[in-house]
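Trainee: sequence first, predicted coordinates after that:
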There are 4 protein chains.
Amino acid sequence: MFNTFGTRFRLTTFGESHGPCIGAVVDGCPSRMALSEDIIQKQLDRRRPGQSSLTTQRSEADRIVILSGVENGLTLGSPIGLMVENADKKPSDYGKIIEVPRPSHADFTYKVKYGILASSGGGRASARETVGRVAGGAIADKLLFDRFGVQIVAWVSSVATVDAYDLSCEMISRKEVDNNEIRCPDDKVAEKMIAAIERAAKRNDSVGGVITCVCRNVPAGWGEPVFGKTTALLAAAMLSIPASRGFEIGSGFAGTRTFGSQNNDMYVKKGKTLGTKTNRSGGIQGGITNGEPIVFRVAFKPTASIAMAQKSSNYRGKSVISMIKGRHDPCVLPRAVPIVEAMAALVLADVGLMAG
Amino acid sequence: MFNTFGTRFRLTTFGESHGPCIGAVVDGCPSRMALSEDIIQKQLDRRRPGQSSLTTQRSEADRIVILSGVENGLTLGSPIGLMVENADKKPSDYGKIIEVPRPSHADFTYKVKYGILASSGGGRASARETVGRVAGGAIADKLLFDRFGVQIVAWVSSVATVDAYDLSCEMISRKEVDNNEIRCPDDKVAEKMIAAIERAAKRNDSVGGVITCVCRNVPAGWGEPVFGKTTALLAAAMLSIPASRGFEIGSGFAGTRTFGSQNNDMYVKKGKTLGTKTNRSGGIQGGITNGEPIVFRVAFKPTASIAMAQKSSNYRGKSVISMIKGRHDPCVLPRAVPIVEAMAALVLADVGLMAG
Amino acid sequence: MFNTFGTRFRLTTFGESHGPCIGAVVDGCPSRMALSEDIIQKQLDRRRPGQSSLTTQRSEADRIVILSGVENGLTLGSPIGLMVENADKKPSDYGKIIEVPRPSHADFTYKVKYGILASSGGGRASARETVGRVAGGAIADKLLFDRFGVQIVAWVSSVATVDAYDLSCEMISRKEVDNNEIRCPDDKVAEKMIAAIERAAKRNDSVGGVITCVCRNVPAGWGEPVFGKTTALLAAAMLSIPASRGFEIGSGFAGTRTFGSQNNDMYVKKGKTLGTKTNRSGGIQGGITNGEPIVFRVAFKPTASIAMAQKSSNYRGKSVISMIKGRHDPCVLPRAVPIVEAMAALVLADVGLMAG
Amino acid sequence: MFNTFGTRFRLTTFGESHGPCIGAVVDGCPSRMALSEDIIQKQLDRRRPGQSSLTTQRSEADRIVILSGVENGLTLGSPIGLMVENADKKPSDYGKIIEVPRPSHADFTYKVKYGILASSGGGRASARETVGRVAGGAIADKLLFDRFGVQIVAWVSSVATVDAYDLSCEMISRKEVDNNEIRCPDDKVAEKMIAAIERAAKRNDSVGGVITCVCRNVPAGWGEPVFGKTTALLAAAMLSIPASRGFEIGSGFAGTRTFGSQNNDMYVKKGKTLGTKTNRSGGIQGGITNGEPIVFRVAFKPTASIAMAQKSSNYRGKSVISMIKGRHDPCVLPRAVPIVEAMAALVLADVGLMAG
């Protein structure tokens, strides 16, 4: 259950990491929108493993195929079926999982819930599940840009204790973000981040970090005021991403340490409507967009899979040394950037279509 | 739209802060559960304004009435209608809102979305909307405790820059939380928090803070692994609360600054099953509960309504001085404690019933 | 669960027939629509018992009260809370139900499902539950007429074996329908219907019948093509009404006995668009409205509650004579007319708002 | 939108009739159920065109492929991706549709709704869309049988004016149903049905008919009492099938012509619980199953696509002669049998899992 996300613009995903394919179905995309595989491929390539020395060396081409819903380069209004074949499977790496649940992984909880584990261990908890999100998100992203000019850009704003928080959100583009391997648009900070990751990797350890995302040109008036606040939908979207552990919008947790007089956003005339002088609200007030850029941050824990020896326990409760082999990212952040963008796009396409 | 929360255990709320009543409907509560108004009233009393010098002096009795779904003290399995009359309305206080949108409030976004504002200004964005949540949440809370022994306890863990982070979550009870006005179970820290609020209030300013919530005895195996992760549902629930700005679970944002080897939770034998030595996962792995206590934190911004003069703008874009009269809390945190508990209970009742 | 109907325009209902009230919440009604209690009251009065000698003599005033969502005669866009007090309760009439499940009633199935019965027996299976539908439907009806000029009119087209099938649907108005007690716009047939009901009532028996409903001026292009066909939503809406046993659209069951060449509707120019010469499709093709009037029929079984002696069984399986006392309609059809209209309005408001 | 059916056991379908494939995703199937492609294939083969002289000669193999959710013959609890390639596409047959909307087809309504038509004309309105339903339904069917012993059997009970209504529902098996080409378990009536179809086909005309479906061994207590009545869900499921025009349960429309004393079902002891002597309720009372067989009937109109000349109109309103070439069934009934069974299985799996 619950492999569907959204109400009006819906994404359903399926596929295990070591089965024949990862698939997705986008339902609710309006008809007559230009769409082709290369638009989706572009974001998938940013999510793909093996892009740099920082990420896992599973070298999957991850070619997207559109199975339905598009003809002659235009959407038909019918559901868009999407598929990416799983090329580079090595299930043998995962043999041990059957006996020992990997620490801070979903092996144990899946076993309790389903009484059975996919041979790959990860199953739907594998990061590979996010292929479907990025594919579906790319369609939402296209719709938002074509219809409303919405631009969604995410980047890595901290890795371990290396921060790039003083970046101005206003202008950063995906191109700038992709300037370096770590996807932090401040090249000097990026170097330090990369060094931190390499140090950890050398010790068979891993690091976490924070991704900042900005959504520009979102019209005012999107979202619902009570349980369906845009803020709530974004929080759910982000906390549904594997390894994410926190979400904050606008001034977030830091804002709780200030006074109301410091945290409030004053209204000013902007064109024919009102805007705010500052943007501590992060573009959303009372759950509804106010026309300012939506700005939020997502916390990602250090990769749970580490090759370092860990003193844990097998399923029978016997003390064992857990050492996770296989190919794993010492830091998921750079590859999580397009996933955060995809989930943000899915939320905004949903509330945008609902707003009429 | 979207005044309904949940899938299997559903809460629908209605009512403006200055209309005749606030109402709620709970759908999906199993039959033959003992339920009476006093169980609900108890949590409503903790949310009620006028409890102490720290909170607004609107002195509303907030008496809950059960309209349906319960007979002879037992639930029938049919929807439970709930109502609280709005006793102490003073709409005149809100006259000015028609011309000047209150900074960092939902007046402007509501106006854009609906083209009309409730006379109270706040309408459904008013904190009074949370009466329905607390009432519905109290029923979920009862269900969780009766069926599974689940205990949900929240408390104020920081106010402005005053922190009580080193509290151990293990044992704190609602009774201890209610020991002082600010609902921080560490009395010494509580004193400092109260002092901070009083200082701000004297200057017509306001403060924010963080609430920590722990859910104990939640069985392992609850929640769905992809978009319906328990983590995602909790994040949505918390970010749907007025004034909330952030959510983190387990080691959260701080955990992103550590190494995988420091952040991972090792398995150990606990009774007939496995538990974890540490609980940096906050009780949820891969979106599914693991049997450890669920621990999360919610950021609340400083109250937007302050009596201090603010240089803002009216709807026509003309520069004006905004001064919010009316009765407002200089700090929403103590009254938000039962709201956080209610939303947590609604999420857990939903995933718990879904888990079979 | 499932006391909510609709996706974009949603009705949630609650209340037992012998509790304090019947209530409803309408969510998703656009803002700034003129709405007052008398608009809703008008349809409730048509549903009310005690209107004529044909219906039960429970004389309930059924006064609607709007609890929220409307101010100064205009909707706010927030949920509209609705309530009707239960004035004339006589639970004592229902004492026997505790031991003997009424034949063809929901007593037995409720007992199996919930393990408990409301003291009135009927609980949510009581026809009184439809008060909330008619109230919510009246709001949908107003929205459809104000925005699109949609007119929904239902009438009794057969009672037992007395048929009025040759009526032309084109022009019948609610006023004409209300010309006689049985709500059949053909006065001569109406007389025969009334006679049939009175004959049955004298024998402590009951009769069923069929209601025809026409929805005029529905724009083409409403509804979804696969599982959300307007046809499917209407069928679900109608089969959710107590005592309904069948649904057919356009040429329906009779059409299955003709040839394709006789059943197909030919296109002709109508104004600037196409219409069809005949309307055997009943206004819907492939699940989507085609601009012709939507015409469907709903079968209602003879009232299950009859005062005649019936040889049935008590809960323990012992043979008993069941005699249903209390006040019951010998024929539910005239009072079901506004219920059918309400459910049709709820479906069309939902697909209409979804169509943008 | 709305290419998803169900709440707890959900089917999402995609694919155009002339695109690369038809696909489906089943979400919510419990883990550790034995499942293989041949179980699904069996029902697909019954839906397949070209089975007999009565059905279209598109000879598609329709081989099902399971893409996810199953490993080593057992379900994992994750979504089950399903795919059938479209082998025998002849889009050229459909060229004319661009100018002339086929009478009583969805061409016109799709054009109004989407402003674009799939090259095949039919798009998602094509009967080919039902491949996904039958595949998903086969999984629901397996679940129902394995867990509860539920048996679902449908058959053709009338074709044009040839009726087989006096068949007893009690014992008919799928095997008996498949004894002849028309899928009517009364061989003598079947011969007359086949003759009627052949007569119509010779004149380039088509016929409709009625399918009866019985669901045996459904436990009492399934379904929800108000909007989610099992009756309502079944009605929606059946009216979502292409070409269906009506639904009735138990005594249905005919029952409306009888008296309450004739239509009521008396309770009798059956084993340790109660059953009913007769089954005019069709196994459902107040929306909840009562343990008796569920019996309902679905009306299918004569195939709209006929090769006979029809005086219709093109999109510009100009009078034209419409002659539908391509390969079409003169009677959809025999192939609709597994579709009705599939939709019934999807509904029952959903309410069954929800019932706990």
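Mentor: Arrived safely, thanks for sending.
Trainee: A:Trp155: how many residues sit nearby?
Mentor: Other residues near A:Trp155 come to 28 when the count uses other Cβ atoms under 10 Å in any protein chain shown. Every residue, glycine included, has its C-beta placed from N, CA and C.
Trainee: revised request: answer the last question for A:Ile39.
Mentor: Quick note: A:Ile39 (other Cβ under 10 Å) scores 14 neighbours.
Trainee: check contacts around it.
Mentor: Going by Cβ atoms under 8 Å, 6 or more residues apart in numbering or on different chains, A:Ile39 touches A:138-139, A:142.
Trainee: can I get these in JSON lines including neighbour count, secondary structure and pLDDT?
Mentor: Shown next, in JSON lines, are the contacts of A:Ile39 (neighbours: other Cβ atoms under 10 Å in any protein chain shown; DSSP: H, G, I helix; E, B strand; the rest coil; pLDDT from 0 to 100):
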{"residue": "A:Ala138", "neighbour count": "27", "secondary structure": "helix", "pLDDT": "98"}
{"residue": "A:Ile139", "neighbour count": "29", "secondary structure": "helix", "pLDDT": "98"}
{"residue": "A:Lys142", "neighbour count": "21", "secondary structure": "helix", "pLDDT": "98"}
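Trainee: now, which of those residues lie close to chain D?
Mentor: Contacts with chain D are made by none of these, judged by Cβ under 8 Å from any Cβ of the partner chain.
Trainee: from those, which single one is nearest C:Ile172?
Mentor: Taking Cβ to Cβ as the measure, C:Ile172 sits nearest to A:Ile139 out of the contacts of A:Ile39, at 46.7 Å.
Trainee: residue contacts, the closest residue to the closest one other than its chain neighbours?
Mentor: Nearest residue to A:Ile139 in three dimensions, chain neighbours excluded: A:Val26, at 5.2 Å (Cβ to Cβ, 6 or more residues apart in numbering or on different chains). Residues near A:Val26 by Cβ under 8 Å, 6+ apart: A:9-11, A:69, A:79-80, A:82, A:136, A:139-140.
Trainee: among those, which ones are in strands?
Mentor: Of the positions in these, A:10-11, A:80, A:82 sit in strands, assigned by DSSP state E.
Trainee: from those residues, which two are the most distant?
Mentor: A:Arg10 and A:Leu82 (13.1 Å).
Trainee: what does the stretch 51-200 of chain A put close to chain B?
Mentor: A:101, A:103-106, A:108-110, A:112-113, A:123-125, A:129, A:158, A:160-161, A:200.
Trainee: quick check on these: which are buried?
Mentor: For these, a burial check counting by 16 or more other Cβ atoms under 10 Å in any protein chain shown picks out A:101, A:103-106, A:108-110, A:112-113, A:123-125, A:129, A:158, A:160, A:200.
Trainee: let's have the contacts of A:Ile39 in CSV, adding distance to C:Ser281.
Mentor: Listed next are the contacts of A:Ile39 as CSV, based on distance: Cβ to Cβ, whole Å:
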residue, distance to C:Ser281
A:Ala138, 39
A:Ile139, 33
A:Lys142, 36
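Trainee: ok, A:Arg10 and A:Leu82, which is more surrounded?
Mentor: Comparing A:Arg10 with A:Leu82 by other Cβ under 10 Å, the one with more neighbours is A:Leu82, at 31 against 23.
Trainee: so what's that one up against?
Mentor: Applying Cβ under 8 Å, 6+ apart, we find A:Leu82 in contact with A:23-26, A:40, A:64-67, A:132, A:135-136.
Trainee: please name the bridge partners of it.
Mentor: A:Ala24, A:Ile66 (DSSP bridges).
Trainee: give me phi/psi at the nearest residue to A:Arg174 once chain neighbours are set aside?
Mentor: Excluding the flanking residues, the one nearest A:Arg174 by Cβ to Cβ, 6+ apart is A:Val153, at 5.5 Å. Main-chain dihedrals, A:Val153, degrees, to the nearest 10: phi -140, psi 130.
Trainee: and A:Val153, how many neighbours does it have?
Mentor: Using other Cβ under 10 Å: A:Val153 sits among 23 other residues.
Trainee: also A:Glu198?
Mentor: A total of 13 residues lie near A:Glu198 under the criterion other Cβ under 10 Å.
Trainee: and it, what pLDDT?
Mentor: Confidence at A:Glu198, expressed as pLDDT, is 96.
Trainee: and the next helix or strand past the helix or strand that contains it?
Mentor: Assigned by DSSP states H and E, A:Glu198 belongs to helix A:187-202. Scanning forward in sequence from helix A:187-202 by DSSP H and E, the next helix or strand is strand A:209-216.
Trainee: which strands and helices lie in contact with that following strand?
Mentor: Strand A:209-216 is packed against strand A:151-159, strand A:294-300, helix A:333-354, with contacts defined by 3 or more Cβ pairs under 8 Å, 6 or more residues apart in numbering or on different chains; DSSP states H and E.
Trainee: any chance of the ones you listed in CSV with mean pLDDT and distance to D:Ser206 as columns?
Mentor: Below are the helices and strands packed on strand A:209-216 laid out as CSV (pLDDT from 0 to 100; distance: least, Cβ to Cβ, whole Å):
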stretch, mean pLDDT, distance to D:Ser206
strand A:151-159, 97, 51
strand A:294-300, 97, 55
helix A:333-354, 97, 39
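Trainee: helix, strand or coil: sort out A:Asp329 for me.
Mentor: Following DSSP: H, G, I helix; E, B strand; the rest coil, A:Asp329 is assigned to coil.
Trainee: do A:Gly246 as well
Mentor: Once three-state DSSP is applied, A:Gly246 turns out strand.
Trainee: what pLDDT does it get?
Mentor: pLDDT at A:Gly246 comes out at 98.
Trainee: related to what we said a few turns ago, any idea how far the residue nearest to A:Ile139 is from A:Ala220?
Mentor: Using Cβ to Cβ, to the nearest Å, A:Val26 is found at 26 Å from A:Ala220.
Trainee: and if you look at A:Ser322?
Mentor: With distances taken as Cβ to Cβ, A:Ser322 is found 51 Å from A:Ala220.
Trainee: just checking, A:Gly228 touches B:Phe2?
Mentor: Yes. Using Cβ atoms under 8 Å, A:Gly228 is in contact with B:Phe2, at 3.0 Å.
Trainee: thinking again about what came up before, taking the buried ones among the residues of the stretch 51-200 of chain A next to chain B one by one, which sit in strands?
Mentor: For these, secondary structure assignment (DSSP E) places A:Ser158 in strands.
Trainee: now do the contacts for A:Val214.
Mentor: Applying Cβ under 8 Å, 6+ apart, the residues near A:Val214 are A:152-154, A:169, A:172, A:293-295.
Trainee: please, where are all the helices along the stretch 51-200 of chain A?
Mentor: A:107-114, A:130-148, A:174-177, A:187-202 (DSSP state H, counting those that start in this stretch).
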